[in-house]
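[1] return atomic coordinates for the entry below.
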Amino acid sequence: MPQILDVQKLVLLEEPAEPRPDRVLECDVLVVGGGLGGCAAALAVCRAGRTVVMTEETDWLGGQLTAQGVSAPDEHRYIESFGGTRSYAELRARIRDWYRQRSNLTEAAQREPHLNPGNGWVSRLCFEPQVGVDVLQDLLAPAREAGLLHVFLRHQAVRVETDGDIACAVCFRHLESLEHLEVRAGFVLDATELGDLLPLAGVEHRMGAESIAETGEPHAREEAAEWCVQSFTYPFAVELTRAPQTPLPVPHDYELHRNRQPYTLRHRYYDERGWVTYRMFAQGEGAAGPFWTYRRLIDNRNFQGADHTADVAMINWPGNDFRHGNLLAESLTDRLESLRAAKDLALGFCRWLQTECPRDEGGTGYSELRLRPDVMGTDDGLARFPYIREGRRIAALRTVVEGEISAALRAGPGGPPARAAFFPDSVGVGLYGIDIHPCEGEEKIPPFAGLPFQIPLGALVPIRMRNLLPACKNIGTTHITNGAYRLHPVEWNIGESAGELAVFCLDRKLSPQTVARDGKRRRRLQRHLARAGIPLYWYVDVPEGHPAFEAVQVLAAWGICTGEANSLTFRPDDAADGALMLALANAPAWARERVGLFLEDYLARWPALCRGDVARAAYEFLSVRN
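    Alright, predicted model coming up:
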């Protein structure tokens with residue numbers, strides 16, 4: 001009998017070859033996967049009044065933010081005001097409000113507008129995973145109460161029914177029973193961590209690393225390798241106590257993992273710093289900060305009374321990156337063995353920190369560190385699901401390649417431009433370096449600075465399937481560019497834009513391919529996205545909420561008013577100037593006649609207007625026919 005793998009419980013379950021559903025549901029949009037992309041997609045569809053069924057194979061919503069333990073999100077320096085969607089900003093605000101309303105913060109922490117409960121230096125918002133779960137449930141609650149959203153946890157997709165280029169239905173196995181659920185939908189969104197629907201539905205897709213001949217990327221491999229997938233990790237949380245604790249028992253293959261990994265606080269930078277040795281609580285030479293505060297989730301100085309009396313840190317470090325197995329392997333037994341070995345690796349790193357890690361003041365072992373299983377909500381103290389950096393990726397209308405987002409590759413004689421390559425079909429933005437965590441046998445690709453980039457619509461559209469969209473890390477990127485597009489706010493933006501695209505297509509009875517290839521329809525979609533608070537272009541001084549946000553974002557996405565090559569600012573409050581007039585006059589051909597009429601009408605008023613006012617007026621003028 002066929003089998004399926006329950007990743008959360010690490011067991012193989014027998015599965016009928018032709019499962020018969022015990023229940024059949026219908027909805028407008030089926031979202032498979034309840035991670036960040038899935039939740040964002042569900043919210044987008046429900047706010048349009050459409051019905052959604054969302055499934056998730058674990059018992060926590062939130063994916064990498066919660067069930068995978070990385071509740072110190074990898075964001076960017078502009079995130080407090082720009083570079084995420086309106087709904088992502090609300091998610092972050094509600095996490096902060098959770099602590100303000102439900103914990104005993106100090107007065108100083110209570111007043112801090114950008115409260116960071118853990119004060120970790122890798123992220124501006126570090127918190128406990130369960131808080132993320134609570135907040136996501138609160139965000140989804142109105143749609144569930146209105147009957148628009150139905151969520152099924154612990155459900156794994158086992159079969160997809162297709163009719164040519166259409167995904168008609170998906171059958172799910174409830175992992176706690178033998179029951180099966182079938183969902184029939186107008187659109188299906190794959191928001192799973194590994195792109196699970198792609199092989200089930202026969203969707204053209206890629207795995208692993210492409211060759212340089214395929215992508216033209218300077219750092220691509222000479223030969224393609226499907227096995228070459230980024231390493232995955234089981235994060236865990238430890239508490240800093242005041243007294244020595246009993247260390248963890250020695251896990252299986254401890255010496256092998258300690259020596260092969262190796263377990264160390266040394267880290268290699270691919271710049272003038274070279275190898276840097278981090279110290280636990282002190283600042284090591286060349287280090288970005290102490291190891292302890294890297295991804296600290298709770299800084300006890302933010303709290304008073306009996307609430308959070310000790311620091312808690314989440315450990316997600318090269319020491320617990322598992323490089324020696326591939327979760328996309330065909331053999332379920334191989335996947336299971338890799339997952340078990342990855343858990344042993346992570347528990348071994350925890351024991352090494354407790355017993356063998358060099359102490360700042362001399363000696364070895366931080367026996368005062370105690371594993372906190374309650375933080376991850378598991379018996380063994382490890383995340384419920386491994387932190388997944390890379391899965392299957394659709395064969396899309398457009399594939400983003402290294403040269404389009406790399407600062408080094410886009411640099412000219414005067415240095416790199418302010419932005420990555422311009423995508424006229426933008427449906428979102430992101431910013432992160434190209435960060436590849438290698439697998440065994442892969443030569444380390446040094447992290448490269450990435451430029452503020454856009455998410456092209458073409459990367460969300462499969463080359464063939466007409467009602468199935470990616471909504472997670474499974475868009476049209478390469479092994480290399482996935483290293484920048486896989487992070488928290490980008491995944492959320494991808495899911496939200498996929499949800500908006502599905503609604504746009506359902507409302508107009510269009511395929512995503514039609515929208516992607518029709519400039520006028522694409523521009524209408526972009527207007528819709530900007531109105532929903534989704535940025536399309538990098539102008540950091542026109543944040544969501546600014547009166548000119550929609551106008552500036554859409555005009556720039558349309559190739560009008562794209563700004564200076566070396567600046568991320570629009571200067572909306574400055575007086576209207578010749579540069580702005582020239583930018584409007586050089587509008588794309590489809591808009592040139594209308595822009596010319598606009599300039600004639602506004603020429604006399606130009607000196608009295610600010611740049612933001614001009615953008616709003618021009619946008620309104622152009623939108624009459626778009």
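[2] pLDDT weak spots in the protein?
    Applying pLDDT under 70 to the chain flags the ranges 624-626.
[3] and the residue of it most remote from its centre, what does it touch?
    Taking CA atoms, centre = their mean, the residue of the chain most remote from its mean C-alpha position is Ala604, at 46.8 Å. By CB atoms under 8 Å, 6 or more residues apart in numbering, Ala604 lies in contact with nothing. The way it works is simple: take the backbone N, C-alpha and C, and place the C-beta from them, glycine included.
[4] what's the burial count for Met581?
    Met581 has 15 neighbours, counted by other CB atoms under 10 Å.
[5] what's the burial count for Tyr270?
    11.
[6] can you tell me, leaving aside adjacent residues, what's nearest to it?
    Pro446 (3.6 Å; CB to CB, 6 or more residues apart in numbering).
[7] tell me the secondary structure at the residue farthest from the centre of the chain.
    For Ala604, the assignment made with DSSP: H, G, I helix; E, B strand; the rest coil gives coil.
[8] how about Ala167?
    strand.
[9] got it, and the one 3 residues further on?
    When the structure is reduced to helix, strand and coil (three-state DSSP), Val170 reads as strand.
[10] let me know whether my guess that the residue nearest to Tyr270 is in a helix holds.
    No. Applying three-state DSSP, one finds Pro446 to be coil, outside a helix.
[11] just give me the neighbour total for it.
    14.
[12] what's the spacing between it and His252?
    Here the distance between Pro446 and His252 works out to 33 Å (CB to CB, to the nearest Å).
[13] can you report how many residues lie near the closest residue to His488 other than its chain neighbours?
    Excluding the flanking residues, the one nearest His488 by CB to CB, 6+ apart is Pro73, at 3.8 Å. Neighbourhood size, Pro73 [other CB under 10 Å]: 26.
[14] what of the one 3 residues further on?
    Residues within reach of His76, counting by other CB under 10 Å, total 20.
[15] which residues touch the closest residue to it other than its chain neighbours?
    The shortest distance from His76 to any non-neighbouring residue, by CB to CB, 6+ apart, is to Leu431 (4.0 Å). Applying CB under 8 Å, 6+ apart, we find Leu431 in contact with His76, Arg77, Tyr78, Gly83, Gly450, Leu451, Pro452, Phe453, Trp538.
[16] surely Gly596 is within a strand?
    No. Assessed with three-state DSSP, Gly596 is helix; it does not lie in a strand.
[17] distance check, the nearest residue to it once chain neighbours are set aside against Pro424.
    Sequence neighbours aside, Ala585 is the residue nearest to Gly596 in space, at 7.6 Å (criterion: CB to CB, 6+ apart). Ala585 sits 19 Å away from Pro424, going by CB to CB.
[18] ok, now Phe549?
    19 Å.
[19] and the two? which has more neighbours close in?
    Set Phe549 next to Pro424 and count neighbours by other CB under 10 Å: Phe549 wins out with 23 against 18.
[20] give the contact list for the residue lying closest to that one once chain neighbours are set aside.
    Closest residue in space to Phe549, ignoring its immediate chain neighbours: Val542 at 5.6 Å, by CB to CB, 6+ apart. By CB under 8 Å, 6+ apart, the residues touching Val542 are Phe82, Ala548, Phe549, Val552, Gln553, Phe570, Pro572, Gly612.
[21] same thing with Arg605?
    So Arg605 contacts nothing (CB under 8 Å, 6+ apart).
[22] phi, psi of it?
    phi -90, psi -10 (degrees, to the nearest 10).
[23] ditto for Leu175
    The phi/psi pair for Leu175 (degrees, to the nearest 10) is phi -70, psi -10.
[24] contacts only, for it.
    Contacts of Leu175 by CB under 8 Å, 6+ apart are Asp6, Gln8, Lys9, Leu13, Glu57, Arg154, His155, Gln156.
[25] so what's the fourth one closest to, chain neighbours aside?
    Of all residues beyond its chain neighbours, the one nearest Leu13 is Ile4 (5.3 Å), with distances taken as CB to CB, 6+ apart.
[26] what helix or strand does that neighbour sit in?
    Assigned by DSSP states H and E, Ile4 belongs to strand 3-6.
[27] could you point out which element follows that strand?
    strand 11-14.
[28] so which residues make contact with the strand holding Ile4?
    11-15, 57, 156, 158, 173, 175, 332, 335-336.
[29] ok, of those residues, which one's closest to Arg466?
    Val158 (22.8 Å; CB to CB).
[30] now the closest one. Nearest residue, chain neighbours left out?
    Closest to Val158 by CB to CB, 6+ apart is Arg173, at 4.9 Å.
[31] can you report how many residues lie near that neighbour?
    23.
[32] quick check: it vs Gly62, distance?
    Counting by CB to CB - Arg173 and Gly62 are separated by 22 Å.
[33] cool, and Glu550?
    29 Å.
[34] comparing these two, which residue is more hemmed in?
    Ranked by neighbour count (other CB under 10 Å), Glu550 and Gly62 place Gly62 first, with 26 against 23.
[35] now the more buried one. Its backbone dihedrals?
    Dihedral angles for Gly62 - degrees, to the nearest 10 - are phi 120, psi -20.
[36] ok, back up a step: taking the contacts of Leu431 one by one, which sit in helices?
    When DSSP state H is applied, these are split such that none fall in helices.
[37] mind checking which of the residues you listed are buried?
    His76, Tyr78, Gly83, Gly450, Leu451, Pro452, Phe453, Trp538 (16 or more other CB atoms under 10 Å).
[38] nearest spatial neighbour of the last one, skipping sequence neighbours?
    This means Trp538. Pro452 (4.2 Å).
[39] the one you found reaches Gly83, doesn't it?
    Yes. Pro452 is within contact range of Gly83, at 7.4 Å (criterion: CB atoms under 8 Å).
[40] between these two, which contacts overlap?
    Common neighbours of Pro452 and Gly83 (CB under 8 Å, 6+ apart) are Val429, Gly430, Leu431, Trp538.
[41] for the residue lying closest to Asp334 once chain neighbours are set aside, grab the count of nearby residues.
    With sequence-adjacent residues excluded and distances taken as CB to CB, 6+ apart, Asp334 is closest to Gly325, at 6.8 Å. By other CB under 10 Å, the residues close to Gly325 number 22.
[42] what sits against Leu148?
    With CB under 8 Å, 6+ apart, Leu148 has these contacts: Cys46, Gly49, Arg50, Thr51, Val52.
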